[in-house]
Each structure stands twice: as C-alpha cells, then as structure tokens.
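[1] Generate coordinates for the sequence data below:
(one chain, ligands or ions: 1)
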Amino acid sequence: MKLVELREVVKKYEEAVTVNHLSLDIEEGEIFGLLGPNGAGKSTTIGMLSGLISVTSGDIQVGGHSIKRRPLDVKRQIGLVPQDLAIYEYLSARENVTFFGKLYGLRGKMLRDRVDEALAFVGLLDRAKDKPSTFSGGMKRRLNIACAIVHRPKLIMMDEPTVGIDPQSRNHILESVRELNRLGSTVIYTSHYMEEVEAICSRVGVMDHGKLIACGTKEQLLRQAGQEEKLLLELDQESTGAMDEIRNHPRVKRVTTTGERLLEVFVKESTTVLQDLLFILNKHGIALRTLTRVEPDLESLFLHLTGRTLRDS
Ligand SMILES: Nc1ncnc2c1ncn2[C@@H]1O[C@H](COP(=O)(O)OP(=O)(O)OP(=O)(O)O)[C@@H](O)[C@H]1O
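    The predicted model follows:
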C-alpha cells in the first residue's frame, strides 16, 4: 500500500527552482533512500513532506491525506529527524523526549512509558537525567531520534543523520533505522553517503538539481548504469601512448587518472578487456604494479547519470 505520494511537486524560492516536478510513491514498510549531492533538494523535499516548507505547486499525500488540505493529519503520522539538531540543551534527555511526546498529545503513564521506550531504543536510558551539553555529537543525534519516534510515527524521516559523528554512533543509528523498520515504520533516509544508502535502503531515489534522475532497487539502478565496472591500475611508469591505446579500446568507456601512475579504467566486461590491457602495457614496456577490480555501485551510477561524482559535485 502506498504511504507517501508526491505528484509533480515544485518548490521555488523567488525564481530559483529547488525541487523540480518531483513525482514519487513510497510503499508502506520501505526504507527509502534519497541520495544526492549537497544542494540537490533532499532537505527541501523532506521539509515539504513534513509540512515545514510550503509546496509551490503539486501535492503530497501521506496516508491518503493531502499536506495542503489536511496538514495536521499528515504531521501526526510523521517523525522528523532534521539535519540540524532540534533539542534543548538546558533540558535533560528525558525532559527533551517528554516535551516532544506532549507535543504529539501523549499524557500520563502512556507518555512516561513511551519516553522510556524511546530513550532505551537509542541507548540513552542510563543517561536520561543528563543534559545534552554533556553528550557527544553522536549521542545528541540519538537523542534527536528519540524525540522523533516517541509518538511511534508511521513514517520516520531522517535527514542526513550521520553527518559528522563518530563511527560507533553511526553504526548505532544505521542499526536503529533497520530496527524501526522491522517494528513497522516506513523510513525515508537522506544521505550523500552512498554506502549507507546501499546498506540499509530497500529502494533508492537519486536526486540532482531538484530532479529525481533515477529511482528503483539497487539492482535496478545498477542495471541502468550498464554494469560498468572499474579497474584500478597502478603502473610502474607513465605513458601517454599506452593511455591513448587503452582509451581507444572498444570496450573501454573512459579512463581517468587519479595520480601520475594510477589509472581508473571504466569497462563494460572486465574479464574480456583485461588481457588486452595487459598486452597494451607490455607493448609499451610498462609493468603493472597492482590491479583492483571495483564492482559497480551507486557512486558509479551517479557518475554515469550526471558525469560528476556524488562528493565533488
Ligand atoms: N530558504 C531558502 N531560500 C533560498 N534558497 C534555498 C532555501 N533553502 C534551500 N535553498 C536552496 O535550494 C537548494 C537545495 O537545497 P537543499 O538543502 O534542499 O539540498 P540538499 O540536497 O538537502 O543538500 P544538503 O545535503 O547540503 O542539505 C540549494 O541550492 C539551496 O541553496
């Protein structure tokens, strides 16, 4: 069953189009990853989905309710973990989560139970009395998550929740996303770390310049990338002659150099090309120091679609 429907959603700031005719369905029970470089429009999309940013045109429905006509019915179903921390430094961890629980109408024993449940879920029950000012960045993020899930929302949206935190908290957050999903929540997770999205998401939408440029399971997306594999070649010396010959090989799609003697060769089927590459190098008197074959991933898909990498775009 569809939980989220975006239809031709546009967000404009003055004349700048930040989200450009975005249409997307998200099924109940999915962990949906929104992947894209900085400025792609991910946060704006999350902001519109949570009712914090107005939609210029088009519509968004969550659980059958339109964000334009029934904003409160939409907001009730949503838990948002924003990119910037939304916690109060002068309140204890428990008081923070209690505050958000009350906002969602929880009271009395139900409120107390849910607050403990949320704090236990993020591994902060033993620090419930402490103020966030004594927490690490990762612990603050986890508290932010507790605040977002205290009312057991159907849809949890996390906007780059692992940026700038320690690996232990990062793993804890990724595991908690899986666990929330197992417990029945649908999750939308934005990131520009493709490894995270690959690891936890059942489906991925790739955004660039406000547009959804690809959408599907990881396998479907990689098929779109044309199964491009990458061979990393470390040579014992430079040679433009050999480079030109490699570039002109019919199965070589492109070659980039990442160092004086380091080549990245993008090929269609590495097994059939490898012999030829070795032959070319041999002919030019060049020895191969190391060879690594890199399986296609979402990074290569993004490069394939935009000609840029996720991080430097
Ligand atoms: N309030 C605003 N006024 C004008 N332009 C804005 C506003 N908010 C965002 N933008 C612009 O919209 C574009 C998309 O921003 P958005 O934050 O949605 O991208 P993002 O994919 O989430 O990137 P990041 O990973 O950096 O958060 C950017 O070019 C940004 O400068």
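[2] before we move on, what SS does the residue nearest to residue 224 when sequence neighbours are not counted have?
    Distance criterion C-beta to C-beta, 6 or more residues apart in numbering; nearest residue to residue 224, sequence neighbours excluded, is residue 214 at 6.1 Å. All C-beta spots, glycine's among them, are computed from the backbone N, C-alpha and C. Local secondary structure at residue 214 is given as strand here, using DSSP: H, G, I helix; E, B strand; the rest coil.
[3] What residues of the least confident helix or strand in the chain by mean pLDDT count as buried?
    Across the helices and strands of the chain, the lowest-confidence element by mean pLDDT, DSSP states H and E is helix 298-306, at a mean of 78. Residues of helix 298-306 classed as buried under the neighbour-count rule (16 or more other C-beta atoms under 10 Å) are 298-304, 306.
[4] mind giving me CSV with those and columns for distance to the ligand?
    Output for the buried residues of helix 298-306, formatted as CSV (distance: C-beta to the nearest ligand atom, whole Å):
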residue, distance to the ligand
298, 15
299, 16
300, 20
301, 17
302, 13
303, 18
304, 20
306, 14
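[5] Please name the nearest non-neighbouring residue to the residue most central in space within the chain.
    Geometric centre of the chain, nearest residue: residue 191, 2.7 Å, by C-alpha atoms, centre = their mean. Nearest-residue entry for residue 191: residue 197, 5.3 Å, with adjacent residues in sequence omitted and distances by C-beta to C-beta, 6+ apart.
[6] what's the answer for residue 256, then?
    On the basis of C-beta to C-beta, 6+ apart, the spatially nearest residue to residue 256 that is not a chain neighbour turns out to be residue 264, at 4.6 Å.
[7] ok so that neighbour is a strand residue?
    Yes. Applying three-state DSSP, one finds residue 264 inside a strand.
[8] That one pairs with what?
    Going by DSSP bridges, residue 264 is paired in beta bridges with residue 232, residue 256.
[9] hang on, it packs against residue 247?
    No. Between residue 264 and residue 247 no contact is recorded; they are 11.9 Å apart, counting by C-beta atoms under 8 Å.
[10] Next, count neighbours for the residue nearest to residue 191.
    Each residue near residue 197 was counted by other C-beta atoms under 10 Å, and the total is 23.
[11] The stretch 151-300 of the chain: helices as residue ranges?
    Counting by DSSP state H, counting those that start in this stretch, one finds helices in the stretch 151-300 of the chain at the ranges 167-182, 194-200, 218-224, 240-247, 270-283, 298-306.
[12] check contacts around the residue nearest to the centre of the chain.
    Residues near residue 191 by C-beta atoms under 8 Å, 6 or more residues apart in numbering: 33-35, 160, 162, 197.
[13] JSON lines for these, including pLDDT and distance to residue 83?
    Output for the contacts of residue 191, formatted as JSON lines (pLDDT from 0 to 100; distance: C-beta to C-beta, whole Å):
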{"residue": "33", "pLDDT": "95", "distance to residue 83": "15"}
{"residue": "34", "pLDDT": "94", "distance to residue 83": "12"}
{"residue": "35", "pLDDT": "90", "distance to residue 83": "15"}
{"residue": "160", "pLDDT": "91", "distance to residue 83": "5"}
{"residue": "162", "pLDDT": "88", "distance to residue 83": "11"}
{"residue": "197", "pLDDT": "88", "distance to residue 83": "16"}
